[in-house]
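> Sharing a sequence plus its predicted fold:
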Amino acid sequence: MASKIKRLLLGRPLKSNELGEQKLRKTKALAILSSDALSSVAYGPEQILLVLVTVSTAAFWYSIPIGIGVLVLLTALIMSYRQIIFAYPHGGGAYVVSKENLGLSSGLVAGGSLLVDYILTVAVSVSAGTDAITSAFPSLHQHNVLIAVAFVIFITILNLRGVTESASILAYPVYLFVLALFIMIGVGLYRIATGDVSPELHTPVGTSVAGISLFILLRAFASGSSALTGVEAISNSIPNFKDPGPNNAAKTLAAMGILLAILFSGIVFLGYYYGIAPKAEVTVVSQIAEETFGRNFMYYFIQGTTALILILAANTGYSAFPLLAVNLAKDKFIPRMFTVRGDRLGYSNGIICLGFLSIILIVAFRGETEQLIPLYAVGVFIPFTLSQTGMIVKWIRQKPPGWVPKLIINFIGALISFTVMLMFFLTKFTKVWPVLIFLPIIIFIFHKIKKHYEAVGEQLRLASCEPAFPIEGNVIIVPVSGITHVVEHSLNYAQSLKADQIIAVYVPFEREDEVRFEEKWNRWKPDIRLVTLHSPYRSIIQPLMRFIDSVQHKARENHYQVTVIIPQFIPKKGWQHILHNQTSFMIRTRLLYSKDLIITTVPYHLKK
């Protein structure tokens, strides 16, 4: 049954040689890898106005130069990540760049930041999209968490089906969103050009505003730069592209940069010209759409596609998180299971882990993840800064042909990224301080995992292992719970091994039961030694372990191997397991931690 459900949800397994068919074309890659960055135009310009409105609405004209500053940063990041794509064609992005050029610690800071950021991407995006839906249908607001969790499960299953299949479905809403905003911006600019919008709605550029300061402008710039989250995802996901991967990734990155620049600048300009002020209950994009079209089909179309892309922005995390996890796992900083491909040739463990952690975050914050947005943004600008700085070091060390312009690009990107990151810490410390706690914890965990893998490798290496324990005989212990076909089956198997000694062990709770069982045993299997261990405290595992330890102690002296054979019956139907106690499972689990002990389970399958 479980297998049939899995096939229904995920589809048929794919052969390894079908991996090439799971690679992305540029059009699909642009949709699923740019959804996070493109969706951020729905709140990036609004973040600028939220800072400026603290001075006065007259300060809104500053959104124009601040928007230009964000575009300069975007250009520097796009050009820089284009260089990273060709310099590191196997993906890894900021983690690989930082590790190779700035050292392991910097690489782990970048990798840890991005792992957490992708989890936040899913939680924040889905919660924001859910809010947009429940705002339109207020009766659903009490089910926010349930709806958000359902969306995460849906997107997780979609990604488990394979990259190309998820891209085929998710591409449509992304391109519809881009089309809707292009129409809105185009119609808005046309109305402005034809004089249909009053110029008195906004303050002229250059108007003197009392109370404005460089600190406020930098704060607004940092807030607006949250529109650049997700820009790094393409450089992390090069292995997902059809060959030639780096070339296709670079073209996709350029297309994303152009779209993001047009949409961001268009919304900033229309917001300024319309004199839009941020409101708690209505987004800036919603106000621009209503001012441009009124409350008609186009207004609701824009609202609907905005809600959809906010939810689907989570898919950027699903595309980049598993590939970043693969790079960290190959370096032994996180479990190796993240390097394993699933039935549909995707890194399913990374996809499932991302979905699970995102659901925990949504439930923990009850779907109200707005306070996580600054943490989400600063989590991006830390690896932005490190990757730019890493490329600077790379150009200075290697000095390839034409390295000076590349160095300048990366220097500008590093300087602006560092400024934005610093402004987040200075202006929103109460919301971003957790990064100073969880990053050291994550890096500590990375090192502990690495140390474990190194210790395992050292102990398993033949050249450094202790000499194998010489075996001159074998003692078999069979825990029994009664005289049944299950026990008989296990004893027959034990006798077939030609052991030097077979010991059946029975743990009774009452003395009468002990005497009665010994009599039955002597009539049934007089040739097999029975040991009874009376347990007045009704524990089976403790007296059994003490007995096995005593047998092992004597066996070691004579170079004998001790084997424990555990009888276990298997019900015909899976659900029937819950109707029986799990004594054999608990015994086996406890015995696995006993040194130099071999544990064998002998299953007996029931017919009904």
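That came through, no problem. All values derive from a computational prediction rather than experimental measurement. Numbers count the residues shown, from 1 in each chain.
> the longest helix in the chain is where?
helix 104-136 (DSSP state H).
> I'd like the next helix or strand past it.
As assigned by DSSP states H and E, the chain's next helix or strand after helix 104-136 is helix 144-160.
> what about residue 54, which SS state?
coil (DSSP: H, G, I helix; E, B strand; the rest coil).
> That one: neighbouring residues, count only.
Neighbour count for residue 54, taken as other C-beta atoms under 10 Å: 11. (Glycine included, C-beta is placed from N, CA and C.)
> Quick check: closest non-adjacent residue to it.
Computed as C-beta to C-beta, 6 or more residues apart in numbering, the closest residue to residue 54 that is not its neighbour in sequence is residue 216, at 7.5 Å.
> any idea which helix or strand carries that neighbour?
Secondary structure from DSSP H and E places residue 216 in helix 214-224.
> Name the residues of that helix that come out as buried.
216, 217, 218, 219, 220, 221, 222, 223, 224 (16 or more other C-beta atoms under 10 Å).
> Out of those, which is nearest to residue 184?
Taking C-beta to C-beta as the measure, residue 184 lies nearest residue 224 of these, at 19.3 Å.
> Relative to residue 271, how far out is that closest one?
11 Å (C-beta to C-beta, to the nearest Å).
> Mutual contacts of these two, please.
Shared contacts of residue 224 and residue 271 (C-beta atoms under 8 Å, 6 or more residues apart in numbering): 45, 63.
> Which stretches in the protein count as strands?
For the chain, applying DSSP state E gives strands covering 473-480, 501-506, 529-532, 560-570, 597-605.
> Just the mean pLDDT for the first one, thanks.
Per-residue pLDDT over strand 473-480 has a mean of 92.
> Check the offset of it from the chain's centre.
46 Å (C-alpha atoms, centre = their mean, to the nearest Å).
> Just the CA trace of it, in PDB.
Extracted in PDB, the C-alpha atoms of strand 473-480 (Å, rounded to 0.1, in the frame of the first residue of the first chain):
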ATOM      1  CA  GLY A 473      34.500 -21.200  18.500                       C
ATOM      2  CA  ASN A 474      31.000 -19.900  18.700                       C
ATOM      3  CA  VAL A 475      28.400 -19.600  21.400                       C
ATOM      4  CA  ILE A 476      24.800 -18.900  20.400                       C
ATOM      5  CA  ILE A 477      22.300 -17.400  22.800                       C
ATOM      6  CA  VAL A 478      18.600 -17.500  21.900                       C
ATOM      7  CA  PRO A 479      16.200 -15.400  24.000                       C
ATOM      8  CA  VAL A 480      12.800 -17.200  24.100                       C
END
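> what does that strand rub up against?
487, 490-491, 494, 497, 499-507, 540, 544, 547-548, 551, 555, 558-567, 587.
> again, 6 Å this time
Identification of contacts with strand 473-480 by C-beta atoms under 6 Å, 6 or more residues apart in numbering yields 487, 490, 494, 499-506, 555, 560-565.
> Buried subset of these, written for PyMOL?
Entered in PyMOL, the line below selects the buried ones among these, by 16+ other C-beta under 10 Å:
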select buried, resi 487+490+494+499+502+503+504+505+506+555+560+561+562+563+564+565
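> so what's residue 450 up against?
Contacts for residue 450 (C-beta under 6 Å, 6+ apart) come out as 332, 333.
> I misspoke; the intended subject was residue 406.
Residue 406 is in contact with 83, 395, counting by C-beta under 6 Å, 6+ apart.
> Low-confidence stretches in the protein?
1-22, 92, 135-136, 163-167, 280-281, 343-345, 369-371, 462-469 (pLDDT under 70).
> Tell me which residue lies nearest the centroid of it.
residue 354 (3.0 Å; C-alpha atoms, centre = their mean).
> Hmm, residue 320 and it touching each other?
No: using C-beta atoms under 6 Å, residue 354 makes no contact with residue 320, being 9.7 Å away.
> distance of the residue of the chain positioned farthest from its centre from residue 529?
Taking C-alpha atoms, centre = their mean, the residue of the chain most remote from its mean C-alpha position is residue 523, at 60.8 Å. Relative to residue 529, residue 523 is positioned 15 Å away (C-beta to C-beta).
> now do residue 112
Applying C-beta to C-beta to residue 112 and residue 529 gives a distance of 57 Å.
> Neighbour count for the two, which is higher?
Each of residue 112 and residue 529 has its neighbours counted (other C-beta under 10 Å); residue 112 has more, 26 against 12.
> The more buried one: what's it in contact with?
439, 442, 443.
> can you redo those residues as TSV with distance to residue 235 and neighbour count?
Formatted as TSV, these follow (distance: C-beta to C-beta, whole Å; neighbours: other C-beta atoms under 10 Å):
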residue	distance to residue 235	neighbour count
439	21	17
442	21	19
443	22	17
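> Identify those among those residues that sit within helices.
Among these, the members found in helices (DSSP H) are 439, 442, 443.
> now, which of those residues sits nearest residue 362?
Taking C-beta to C-beta as the measure, residue 362 lies nearest residue 442 of the ones in helices among the contacts of residue 112, at 20.3 Å.
> Next, count neighbours for the closest residue to residue 342 other than its chain neighbours.
Computed as C-beta to C-beta, 6+ apart, the closest residue to residue 342 that is not its neighbour in sequence is residue 348, at 3.0 Å. When neighbours are counted by other C-beta under 10 Å, residue 348 registers 21.
> Can you tell me how far the residue nearest to residue 376 when sequence neighbours are not counted is from residue 362?
In space, residue 376 comes closest to residue 120 once its chain neighbours are excluded; the distance is 4.3 Å by C-beta to C-beta, 6+ apart. Plainly put, residue 120 is 11 Å away from residue 362 if you go by C-beta to C-beta.
> Over to residue 375?
15 Å.
> Comparing the two, which shows the higher neighbour count?
Comparing residue 375 with residue 362 by other C-beta under 10 Å, the one with more neighbours is residue 362, at 25 against 21.
> pretty sure that one is touching residue 123, no?
Yes: at 5.2 Å, residue 362 and residue 123 qualify as touching, with contact defined as C-beta under 6 Å.
> could you check the distance from the residue found closest to residue 228 once you drop the neighbours it is linked to in the chain over to residue 586?
Among residues not flanking residue 228 along the chain, residue 74 sits closest, at 5.8 Å (C-beta to C-beta, 6+ apart). Distance from residue 74 to residue 586, counting by C-beta to C-beta: 58 Å.
> swap in residue 131?
Using C-beta to C-beta, residue 131 is found at 46 Å from residue 586.
> Compare neighbour counts for those two and give me the winner.
Counting neighbours by other C-beta under 10 Å for residue 131 and for residue 586 shows that residue 131 has the greater number, 21 against 12.
> Skipping adjacent residues, who's closest to that one in space?
residue 144 is the one closest to residue 131 (C-beta to C-beta, 6+ apart), at 7.1 Å.
> count of residues packed around the one you found?
Neighbour count of residue 144, defined by other C-beta under 10 Å: 18.
> how much space between it and residue 134?
6 Å.
> what do you get for residue 415?
With distances taken as C-beta to C-beta, residue 415 is found 41 Å from residue 134.
> Over to residue 487?
59 Å.
> what sits against the closest residue in space to residue 546 that isn't next to it in sequence?
In space, and not counting its chain neighbours, residue 546 is closest to residue 533: 8.0 Å by C-beta to C-beta, 6+ apart. Remark: with contacts taken as C-beta under 6 Å, 6+ apart, residue 533 is in contact with 507, 543, 547.
> could you redo the last one with a cut-off of 7 Å?
505, 507, 543, 544, 547 (C-beta atoms under 7 Å, 6 or more residues apart in numbering).
> Near the fourth one, how many other residues are there?
So the one you mean is residue 544. 21.
> check contacts around residue 301.
residue 180.
> how about 10 Å then?
Shown in contact with residue 301 (C-beta atoms under 10 Å, 6 or more residues apart in numbering): 176, 177, 179, 180, 183, 184, 289, 293.
> Please apply the same query to residue 352.
Residue 352 neighbours (C-beta under 10 Å, 6+ apart): 156, 157, 159, 160, 322, 342.
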